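this is the structure alone, sequence omitted:
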């Protein structure tokens with residue numbers, strides 16, 4: 001399914017099962033929002049936003065965090 005916010009230039013990371021879509025740009029604004037995809041239920045939801053906007057970022061997962 002599509003994300004809740006259309007975005008490009010986002011960072012993507014996977015921790016365990018969920019996939020996280022982080023920051024980016026929606027065509028008008030830089031974003032600080034983060035969405036989590038739950039593969040078991042096939043649904044996107046918003047999680048805590050970042051303190052600052054981010055675009056064209058790299059994401060790393062270390063020790064499953």
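That came in fine, so what should we check first? These numbers come from a predicted model, not from an experiment.

which non-adjacent residue is nearest residue 45?
Closest residue in space to residue 45, ignoring its immediate chain neighbours: residue 36 at 5.6 Å, by C-beta to C-beta, 6 or more residues apart in numbering. Quick note: C-beta positions are derived from backbone N, CA and C, even for glycine.

so which residues of this protein form strands?
Counting by DSSP state E, the chain has these strands, from start to end: 11-14, 19-22, 34-38, 43-47.

in a markdown table: those, plus distance to residue 55.
Converted to a markdown table, these look like this (distance: least, C-beta to C-beta, whole Å):
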| stretch | distance to residue 55 |
| --- | --- |
| strand 11-14 | 9 |
| strand 19-22 | 10 |
| strand 34-38 | 13 |
| strand 43-47 | 18 |
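
give me the nearest residue to residue 27, chain neighbours excluded.
Take residue 27 and drop its neighbours on the chain: the residue closest to it by C-beta to C-beta, 6+ apart is residue 6, 7.0 Å away.
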